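**Student:** Kindly return the folded structure for what I paste below:
(chains A and B, ligands or ions: 2)
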Amino acid sequence: MIQLKLSKNILKLIGAVVLLLLPLLVTNSYFIHIFISIGLYIILSLSLNLVTGFTGQLALGHAAFYGIGAYTSALLLLRFNVSYWLALVLSAVITGIFGFLLGLPALRLKGDYLGIVTLGFGEIVRLVFVNWYSLTRGPLGLPGIPAPKIGPYIFDSRIPFYYLIFGLAAFTVFFMHRLVNSGVGMAMITVKEDEIAAESIGIYPIKYKLLAFSLGAAFAGIAGSFYASYISFISPDTFLYMDSVTILAMVVLGGLGSIPGSIIGATVLVIVPELLRFMTNYRMLLYGALMVFMMIYRPQGFWGANKRVRNSYKIGIRGVSNEKDIRG
Amino acid sequence: MKKILEVDNVSISFGGLLAVNQVSLHQNKGEILALIGPNGAGKTTLFNLLTGVYQPTSGKIIFAGEEINHYKPHERVKKGIARTFQNIRLFPTMTVLENVLIAHPDCNSETVIPAVFGRKKLAQRRRTVVEECEEILSIVGLQDKLEELATNLPYGKQRLLEIARALATKPSLLLLDEPGAGMNSVEKEELTNLIYYISREMEKDVLLIEHDMKFVMNISERIIVLDHGEKIAEGNAQEIQSNPKVIEAYLGRGNFDDEE
Ligand SMILES: Nc1ncnc2c1ncn2[C@@H]1O[C@H](COP(=O)(O)OP(=O)(O)OP(=O)(O)O)[C@@H](O)[C@H]1O
Ligand SMILES: [Mg+2]
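**Tutor:** Numbering: from 1, shown residues only, chains lettered A, B, ... in the order given. Ligands and ions are numbered 1, 2, ... in the order given. Just a heads-up that it's a prediction; the model follows:
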């Protein structure tokens, strides 16, 4: 038992070291870009997983939050000249508020109906980006978004961006992992599984739906803020319905309500289209076929929620407890 | 004797059907009260009214001296009313222990920042929660099944887990909707002892719905009979058994010992 735990920790450590040294091992900047995309989509899929996978609220407009985060950050940087780090935090907060607002209709709607409302929300947000010309320059987009700085050091290559997204993704994984295994996260799961039963033990479902929408949006906002400064140009075309679907596909393919699932889903769905690039037009066809295949033969995803580590609530106890308590 | 619960002229109708009709009853502190009646009598509906799943069309529900009509279901739990369900409603993808943990007020009142970033203090708090929940699980005899998924338990054990989950909310009044349904006679015997324990040792008031007359007569000090949404009788086991209205109600649709 202890042996197993030890080797698992060693594996994790090796993984972390490899990821940290990656820019030294891989010099091809195209590969670095792929790794950065993976990190970005890990944040996006984990954030949507909180809403859809853990709390059970179907959301088809997640790219809108990604977009709101990107525009918030870009506008703060371009118009108000704030530091990137402040823009990052503010875009998380502001996008979180938008998530709360979208969560409000979720209180009355369920399943497909909620899906349609969130889809509509995504479309409205895109139309605002297109039509609020004085703020967003419409379809022309916002070019020249400045790169982040640490003191005098400017992020002038992909390598610092790699480390930034690595840090942000690691933080997201840590945050979500701790959250879903806490009383808060378990309450979210009860809301997904049976609202009446949840109420019968003193849980107020509305509170957790709003919380999931706000937190999910805030993390998507972080991803958006990163994207804006990484690419240095954003336009309404970056945050389309298709992107919402891709993120949802990552969550479902990886496994609803599973953190490793979202990580795997994001990784696979960033890499596969790249591998299939040589097939040009047939690419999307094969991609679609792959998804259908998965849904038929492995509907629980690569790493379904049934693999959730049992009784992980006790994780928080580790620090002060004896061996008996560490069952997770 | 002190009244813990008073139901005062409560009615509810579903599109013309009077599921509960002008029912008044009360429960005394410390008592095990049983609610019986033929299928469709309105017993579960009454539980749903007490727990706030439904709002009565008229009438008042008073718990611990306070009218609770306007409280939402989760607020009534905080007031001290917990329940189990006739058609078991556990959280299937959660473990036995997690099903109980999440019902514990110190677990489901956690907030985001401490839950994610907390350390020593959080650990201390969770340790207490886990210990208390493990203790509750050993009271119902599920201490060896902590890691099991709730859905993987046999039927009878799922009923016990629902009781454990309800107890974890720290109620003063426990509503049990057919806790013995689907249990064999040995399990029912154990259930009887468990209910006694909950009533006497844990000092909770128990209101239970049950079809098995032997079981009911055995365990409850007082029995209330519903039929067609109306209260038709009230009294101890002998009084109920010899009450012509009760015999009529049951003979009309089957046997006294008819289960489900
Ligand atoms: N939500 C609802 N909508 C419509 N009718 C309902 C609803 N809930 C209950 N009823 C009806 O109210 C009546 C009483 O139902 P209830 O479930 O309370 O009976 P019960 O006494 O618990 O019966 P059983 O012994 O079969 O569990 C039934 O006729 C039922 O069909
Ligand atoms: Mg019933």
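**Student:** Only C-alpha atoms from now on, for both contacts and neighbour counts.
**Tutor:** OK.
**Student:** Counting by contacts, list what the helix ranked longest in chain B packs against.
**Tutor:** Determined from DSSP state H, the single longest helix within chain B is helix B:120-139. If contacts are counted by 3 or more CA pairs under 8 Å, 6 or more residues apart in numbering or on different chains; DSSP states H and E, helix B:120-139 sits against helix B:96-101, helix B:105-108, helix B:155-168.
**Student:** Which element is encountered next along the chain beyond the longest one?
**Tutor:** Translated: helix B:155-168. Next along the chain after helix B:155-168, taking DSSP states H and E as the criterion, comes strand B:173-177.
**Student:** Give me the contacts around that following strand.
**Tutor:** Strand B:173-177 is contacted from outside by B:44, B:47, B:80-86, B:163, B:166-167, B:204-210, using CA atoms under 8 Å, 6 or more residues apart in numbering or on different chains.
**Student:** Distance from the chain centre to that strand, please.
**Tutor:** Computed by CA atoms, centre = their mean, to the nearest Å, the chain-centroid distance of strand B:173-177 equals 2 Å.
**Student:** Equivalent analysis for stretch A:294-306, please.
**Tutor:** With CA atoms, centre = their mean, you get 19 Å for stretch A:294-306.
**Student:** cool, stretch A:200-211 as well?
**Tutor:** Distance, stretch centre to chain centre, for stretch A:200-211: 23 Å (CA atoms, centre = their mean).
**Student:** burial measure for the residue lying closest to B:Glu203 once chain neighbours are set aside, as a count.
**Tutor:** For B:Glu203, ignoring the flanking residues on the chain, the nearest one in space by CA to CA, 6 or more residues apart in numbering or on different chains is B:Gly30 at 6.6 Å. B:Gly30 has 18 neighbours, counted by other CA atoms under 10 Å in any protein chain shown.
**Student:** Just the pLDDT for the residue minimising distance to the centre of chain B.
**Tutor:** In chain B, the C-alpha nearest the mean C-alpha coordinate belongs to B:Leu175, at 2.0 Å (CA atoms, centre = their mean). Note for B:Leu175: predicted pLDDT of 96.
**Student:** quick one, what contacts the closest residue to it other than its chain neighbours?
**Tutor:** Distance criterion CA to CA, 6+ apart; nearest residue to B:Leu175, sequence neighbours excluded, is B:Arg83 at 4.4 Å. By CA under 8 Å, 6+ apart, B:Arg83 lies in contact with A:200, B:51, B:163, B:166, B:174-177.
**Student:** just to revisit the earlier point, ok, and which of the contacts of strand B:173-177 reach ligand 1?
**Tutor:** Filtering these for proximity to ligand 1 by CA under 6 Å from any ligand atom leaves B:Thr44.
**Student:** now, which of the contacts of strand B:173-177 lie within strands?
**Tutor:** Using DSSP state E, the members of the contacts of strand B:173-177 that fall within strands are B:81-83, B:205-209.
**Student:** can I get those residues in JSON lines with pLDDT and distance to A:Ile234?
**Tutor:** Converted to JSON lines, the ones in strands among the contacts of strand B:173-177 look like this (pLDDT from 0 to 100; distance: CA to CA, whole Å):
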{"residue": "B:Ile81", "pLDDT": "96", "distance to A:Ile234": "54"}
{"residue": "B:Ala82", "pLDDT": "96", "distance to A:Ile234": "53"}
{"residue": "B:Arg83", "pLDDT": "96", "distance to A:Ile234": "53"}
{"residue": "B:Asp205", "pLDDT": "95", "distance to A:Ile234": "63"}
{"residue": "B:Val206", "pLDDT": "96", "distance to A:Ile234": "63"}
{"residue": "B:Leu207", "pLDDT": "95", "distance to A:Ile234": "63"}
{"residue": "B:Leu208", "pLDDT": "94", "distance to A:Ile234": "63"}
{"residue": "B:Ile209", "pLDDT": "95", "distance to A:Ile234": "63"}
